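Peer 1: let's see this in three dimensions:
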Amino acid sequence: MTQEKLDGVIVATALPYAEDATAPAGLRVDYDRYAEHCRWLLENGCRGIGPNGSLGEYSSLTEEERRRVARTAIEAAGDDGIVVVGVHGVGAHQAREWAEKAAEDGAHGVLCLPPTMYRANKGEVLHHYEQVASVGLPVMVYNNPIDTKVDLTPAVLAEIAQLDNVVAVKEFSGDVRRVLEIKERAPGLTIVAGADDVALEAVLMGATGWFAGFPNVFPAESAHLFSLARQGKLAEARALYEPLVAAFRWDSRTEFVQAIKRGMELVGRFGGPCRPPRGPLPVEQLALLDADMRRAVDFLRAHPVAA
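Peer 2: This next block holds a predicted model:
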């Protein structure tokens, strides 16, 4: 098995657009702004970046855009962090092709959902990951039964973990009881918290990574929270986590992309619009999100965390 561990705080990066009538949906990917954002995340204590995930709106990109986004992240990171590229695909042949491109471009690893838009059975899931892992890059399996309707249970993960180059799992079921069971069934697998609003609980149970959304908004604070949790400093970790968790819950909602981009705007970063099918948040949701964000921002202003 590949020895590279895909752990630590890896940020599922949001993607900025600029208005351009000639681009898909009138929105052009702003690669320069994206590169700056990737560097900012690493400078603020995050270990790595993850382009072309759901938060990066990969399914709304053209093939050319999707590859250029990955290359932009890899170039921006340089030697300062790891880059784990999303290679999600409808079938094994598409996912494997994206993994091959990621390897050619210099990625450190790949993040891969089961087949998208198809409720695959266990044999099909194993074939999917076998094909992606055969490329040779470290693979982080992504369990998101909410979106894929395929649940990679600890028993299934134990089988997937036998594949060479499968090194980690991003666990997004929300069930923190699974952390210990995965450790028991697949002891060599790095467990990565996949949802921001159970990140502390997952790390305290033994997760050694966090593939996260809200570090796009609070990178230094998220890195500090992760460090406190890994050191077992529970009282300090809870004191930081509890004022943030209402905002973090938006990471587990359907509108998480819009919510995180809005959060970026509220702390002085560029968030910007999303491409269809994602549209602006309704007024009622925006008010709820802003209230949750204000609680987090007010707390952090009163209790700043150094980068």
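
Peer 1: any low-confidence regions in the stretch 1-150 of the chain?
Peer 2: 1-3 (pLDDT under 70).

Peer 1: now do the helices in it.
Peer 2: According to DSSP state H, counting those that start in this stretch, the stretch 1-150 of the chain carries its helices in the segments 31-43, 63-77, 92-105, 122-133, 145-148.

Peer 1: likewise the stretch 201-307 of the chain?
Peer 2: Using DSSP H, counting those that start in this stretch, helices in the stretch 201-307 of the chain cover 219-230, 234-248, 256-266, 283-302.

Peer 1: nearest to residue 151, out of those helices?
Peer 2: helix 256-266 (19.7 Å; Cβ to Cβ). Where C-beta positions appear, they are placed from N, C-alpha and C, glycine not excepted.

Peer 1: out of the helices of the stretch 201-307 of the chain, which gets nearest to residue 129?
Peer 2: Once these are compared by Cβ to Cβ, helix 256-266 is nearest, at 24.8 Å.

Peer 1: other SSEs contacting that closest one?
Peer 2: Here helix 256-266 touches helix 283-302, going by 3 or more Cβ pairs under 8 Å, 6 or more residues apart in numbering; DSSP states H and E.

Peer 1: just checking, what packs against the helix it packs on?
Peer 2: Here helix 283-302 touches helix 234-248, helix 256-266, going by 3+ Cβ pairs under 8 Å, 6+ apart.

Peer 1: quick one, which of those helices is nearest to residue 133?
Peer 2: helix 256-266 (27.9 Å).

Peer 1: tell me which residues are up against that closest one.
Peer 2: 14, 54-55, 57, 213-214, 216-217, 247, 250-251, 253, 270-274, 278-281, 286, 289-290, 293-294, 297 (Cβ atoms under 8 Å, 6 or more residues apart in numbering).

Peer 1: with stretch 93-112 instead?
Peer 2: Contacts of stretch 93-112 (Cβ under 8 Å, 6+ apart): 4, 6, 48, 50, 52-53, 66-67, 70-71, 74, 82-89, 115, 128-129, 131-132, 134-142, 167-168, 170, 211.

Peer 1: stretch 147-165 now?
Peer 2: Contacts for stretch 147-165 (Cβ under 8 Å, 6+ apart): 1-2, 54, 113-116, 119-120, 122, 125-126, 129-130, 133-139, 141, 143, 145, 166, 169, 173, 178, 181-182, 184-186, 188-189.

Peer 1: quick revisit: what's the PyMOL syntax to select whichever of the contacts of stretch 93-112 are buried?
Peer 2: Listed next is the PyMOL selection for buried residues among the contacts of stretch 93-112, using 16 or more other Cβ atoms under 10 Å:
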select buried, resi 6+48+50+52+53+66+67+70+71+74+82+83+84+85+86+87+88+89+115+128+129+131+132+135+137+138+139+140+141+142+167+168+170+211
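
Peer 1: among the contacts of stretch 93-112, which ones are in strands?
Peer 2: 48, 50, 82-86, 139-142, 167-168, 170, 211 (DSSP state E).

Peer 1: any low-confidence regions in the stretch 151-300 of the chain?
Peer 2: Across the stretch 151-300 of the chain, nothing is flagged by pLDDT under 70.

Peer 1: the closest residue to residue 243 other than its chain neighbours and residue 219, how far apart?
Peer 2: Closest residue to residue 243 apart from its sequence neighbours, by Cβ to Cβ, 6 or more residues apart in numbering: residue 299 at 3.7 Å. According to Cβ to Cβ, to the nearest Å, residue 299 stands 16 Å off from residue 219.
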